[in-house]
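Visitor: Provide a 3D model corresponding to the input given below.
(2 chains)
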There are 2 protein chains.
Amino acid sequence: MALLIVITGYQANPWVSKLQAFEPKLDIRVWPEVGDPDEIDFALTWRHPMGELKKYRNLKCIASMGAGVEHILCDPDLPHGVPITRIVEPSMSQSMSEYVIMVVLNYCRHNDLYRKQQIEKQWRVKIPIRARDLGIGIMGLGQLGGDAAKKLSHLGFQVAGWCRTPKMMNGVITYSGDNQLIEFLAHTRMLICLLPLTAGTKDILNLDLFNKLQRGAYLVNVARGEHLVEEDLLEALETGQLSGACLDVFRNEPLPEDHPFWRHPKIVITPHISSLTIPSAVVPQIIENYHRALSGNPLLNEVDVTQGY
Amino acid sequence: MALLIVITGYQANPWVSKLQAFEPKLDIRVWPEVGDPDEIDFALTWRHPMGELKKYRNLKCIASMGAGVEHILCDPDLPHGVPITRIVEPSMSQSMSEYVIMVVLNYCRHNDLYRKQQIEKQWRVKIPIRARDLGIGIMGLGQLGGDAAKKLSHLGFQVAGWCRTPKMMNGVITYSGDNQLIEFLAHTRMLICLLPLTAGTKDILNLDLFNKLQRGAYLVNVARGEHLVEEDLLEALETGQLSGACLDVFRNEPLPEDHPFWRHPKIVITPHISSLTIPSAVVPQIIENYHRALSGNPLLNEVDVTQGY
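Guide: Numbers count the residues shown, from 1 in each chain, chains lettered A, B, ... in the order given. Down below sits the predicted model:
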């Protein structure tokens, strides 16, 4: 009986140490050092290599390390009938809101400028942007967008939100539907994308939308890389319609080395960490599901494969 | 009748434009382009050159641009009998809390690391520090420290505070007096100094205190440069007792070009901007005092020179 960690693009070590700390006797294997594949009961995965999971014929559960399971469901060779679980954790909106607040404050307080000035030993003050003078517009007011909107509003920021269907939120001006999108954008100086990725929102961050924002607006994309038309961002930065962008998600991850975003002076890049799963926060539910899977009990947060979540 | 701006170390332009926007007919002079000194009724100052203010014999008010007036009172040649005013503004604790939250989030989310990685085109994730796992200790629970403590606690951080006399705060573990200082420090991984500068707090951030913190603790000084023994910080960083520091205030400001802090890889420097006066927020009370001074009415926020605030 063993738990296999199959992860690409991230390190397995933090998971191993937190799992061990929580359950010292657990037999943990880290792909590709699998040992006997028949001993693997449970796979904890993030972007596993396609076809890998069908090698384990005693697998009783495939557990995503995150909230999403697209990276599992997209495997055409997924073993049939093995239940799939995902993480449902309030720490994810906590993590996302922290990231968004960090980006907003670094912007208002000119932190990047001060980092450059320190290198040049320059003592020069730039007046900050006041919280109530920055028009923040959040696209998407679900669990993540709603939490970020509330927390920014509580910190004194002027926050508006846009989503598909009308929604009321204390301290947040809300807009909804296509007919209110233009008005929402016209009030926005910092646009934060927290939309789900659907056929209707794919490529929504495009030149046409950027041109409806205040001139010199700043873009933050923490949703999915497929929301953004990358060439359109480069063009809007070139013309000055956008003054900068902070991107945590990309169409290709890891972002390829030759991608123009890496060295663009107006683009800030982080490696998809805005709402990172924190192992210590989710290890208890993973261990719980491990025991449930072994004993045949119903799993927590099992995914309905037909719906995709 | 004219208002004179006397400022060193910062730019006068934002003040001129905000004053003009608020009161277009105001005759504004910017030192050293004073014109006829007898026409100056009102001096708006920040770190004026010593002896400068006695040149204006019709001066009816000396107004500090900030909350503090040490920079005025330290002038041995201050004209006698001219009332001195300071700024009292809620936007100052707002500004300070924003700065403190920014520093805390950049620390927990490893923002400096990601800035370096972008330069090297590296896509590598480091697990963030969870808000509830970071022991934040705030020294000083006055208007500024209290506001920062409340807001950090609301964001899910584990916050403790220390001050001279016992104080109760929702969501904040409070310690007080010399006999609880050691216990407070033992729980602190990020120490934020927001103390007033007094004979009892001068040099309080010294090696003896650093050694009572958790090993690898991080220091944030946003109070006064004189709180910190600079050589002791360098030594604590050298031994690893402190892992880093973010400093906004210094014994000598602007920080001299040859100061070792500028190029220290573990020190983040900002040019005294944590609780910067934002001109547009305080211009109304300055203009109000200008009119009061001209008409001989009682001034807002006049300083008691014998007390120093």
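
Visitor: what sits against A:S153?
Guide: By Cβ atoms under 8 Å, 6 or more residues apart in numbering or on different chains, the contact list for A:S153 reads A:159, A:170-172. The C-beta positions use only the backbone N, C-alpha and C, and glycine is treated the same way.

Visitor: Sticking with the residue of the stretch 201-309 of chain A found nearest chain B, tell me its helix or strand.
Guide: Residue nearest to chain B within the stretch 201-309 of chain A: A:P254 (3.6 Å; Cβ to the nearest Cβ). Assigned by DSSP states H and E, A:P254 belongs to neither a helix nor a strand.

Visitor: Just give me the neighbour total for the spatially closest residue to A:I87 that is not a sequence neighbour.
Guide: Once flanking residues are discounted, A:I87 sits nearest to A:V282: 5.0 Å by Cβ to Cβ, 6 or more residues apart in numbering or on different chains. A:V282 has 22 neighbours, counted by other Cβ atoms under 10 Å in any protein chain shown.

Visitor: Regarding A:V282, what is its secondary structure?
Guide: Following DSSP: H, G, I helix; E, B strand; the rest coil, A:V282 is assigned to helix.

Visitor: As a markdown table, the contacts of A:S153 with neighbour count and distance to A:I5 would be great.
Guide: Below are those laid out as a markdown table (neighbours: other Cβ atoms under 10 Å in any protein chain shown; distance: Cβ to Cβ, whole Å):
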| residue | neighbour count | distance to A:I5 |
| --- | --- | --- |
| A:V159 | 27 | 39 |
| A:N170 | 8 | 42 |
| A:G171 | 13 | 42 |
| A:V172 | 21 | 40 |
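
Visitor: Out of those residues, which is nearest to chain B?
Guide: Using Cβ to the nearest Cβ, A:G171 comes nearest to chain B of the contacts of A:S153, at 13.6 Å.

Visitor: confidence score at the residue nearest to A:I273 when sequence neighbours are not counted?
Guide: By the measure of Cβ to Cβ, 6+ apart, the closest residue to A:I273 outside its immediate chain neighbours is B:V125, 5.6 Å from it. With respect to pLDDT, B:V125 scores 91.

Visitor: near chain B, which residues of the stretch 51-200 of chain A?
Guide: Residues of the stretch 51-200 of chain A found near chain B (Cβ under 8 Å from any Cβ of the partner chain) are A:91, A:94-95, A:97-99, A:101-102, A:105-106, A:108-109, A:111-112, A:114-115, A:117-118, A:121, A:123-128, A:130-131, A:133, A:151, A:154-156.

Visitor: of all the contacts of A:S153, which two lie farthest apart?
Guide: Using Cβ to Cβ, the two most remote members of those are A:V159 and A:N170, lying 10.7 Å apart.

Visitor: so what's the residue nearest to the spatial centre of chain A scoring on pLDDT?
Guide: Most central in chain A under Cα atoms, centre = their mean is A:S275, positioned 4.6 Å from the mean C-alpha point. At A:S275, the predicted lDDT confidence score is 89.

Visitor: host element of it?
Guide: Using DSSP H and E, A:S275 falls within no helix or strand.

Visitor: before we move on, what about A:L197?
Guide: Counting by DSSP H and E, no helix or strand carries A:L197.

Visitor: what number of residues lie near it?
Guide: 16.

Visitor: what does A:E238 give?
Guide: The local packing of A:E238 (other Cβ under 10 Å) involves 10 other residues.

Visitor: Check for me that it belongs to a helix.
Guide: Yes - counting by three-state DSSP, A:E238 is found in a helix.

Visitor: picking that back up, my guess is the residue of the stretch 201-309 of chain A closest to chain B contacts A:G9. True?
Guide: Yes - between A:P254 and A:G9 there is a contact under Cβ atoms under 8 Å: 6.0 Å.

Visitor: what residues do the two have in common as contacts?
Guide: Jointly contacting A:P254 and A:G9 under the rule Cβ under 8 Å, 6+ apart are B:W123.

Visitor: The two - which one has more neighbours?
Guide: The residue with more neighbours, out of A:P254 and A:G9, is A:P254; 17 against 14, by other Cβ under 10 Å.

Visitor: which non-adjacent residue is nearest the more buried one?
Guide: That would be B:W123: by Cβ to Cβ, 6+ apart, it lies 3.6 Å from A:P254.

Visitor: What of A:R109?
Guide: Closest to A:R109 by Cβ to Cβ, 6+ apart is A:P128, at 5.1 Å.

Visitor: what's near enough to touch the one you found?
Guide: Counting by Cβ under 8 Å, 6+ apart, A:P128 touches A:108-110, B:95, B:98, B:273, B:276, B:278.

Visitor: quick one: which of the residues you listed sit in helices?
Guide: A:108, B:95, B:98 (DSSP state H).

Visitor: who touches the last one in this structure?
Guide: With contact set as Cβ under 8 Å, 6+ apart, B:E98 has these partners: A:105, A:108-109, A:128, A:131, A:155.

Visitor: Make a markdown table out of those residues and add pLDDT.
Guide: What follows is the contacts of B:E98, written out as a markdown table (pLDDT from 0 to 100):
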| residue | pLDDT |
| --- | --- |
| A:L105 | 98 |
| A:C108 | 97 |
| A:R109 | 97 |
| A:P128 | 92 |
| A:A131 | 92 |
| A:L155 | 96 |
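
Visitor: For the residues you listed, work out which two are farthest apart.
Guide: Farthest pair in the contacts of B:E98, by Cβ to Cβ: A:P128 and A:L155, 13.5 Å.

Visitor: what pLDDT does A:G308 get?
Guide: So, for A:G308, pLDDT stands at 58.

Visitor: Quick check: A:Q117 touching B:I273?
Guide: No - A:Q117 is beyond contact range of B:I273, at 10.8 Å (criterion: Cβ under 8 Å).

Visitor: top of the contacts of B:E98 by neighbour count?
Guide: Using other Cβ under 10 Å as the neighbour test, those are led by A:L105, with 25 neighbours.

Visitor: and the gap between it and A:G161?
Guide: Going from A:L105 to A:G161 by Cβ to Cβ, to the nearest Å gives 19 Å.

Visitor: Also A:C74?
Guide: Taken as Cβ to Cβ, the span from A:C74 to A:G161 is 30 Å.

Visitor: So which of these two has more stuff around it?
Guide: A:G161 (26 against 10).

Visitor: What's the first helix or strand after the helix or strand hosting the more buried one?
Guide: Counting by DSSP H and E, the element that carries A:G161 is strand A:158-163. With elements assigned by DSSP H and E, the helix or strand that comes after strand A:158-163 is strand A:172-176.

Visitor: gap between that next one and the chain center?
Guide: Relative to its chain's centre, strand A:172-176 lies at 23 Å (Cα atoms, centre = their mean, to the nearest Å).

Visitor: Same check on stretch A:115-123?
Guide: With Cα atoms, centre = their mean, you get 32 Å for stretch A:115-123.
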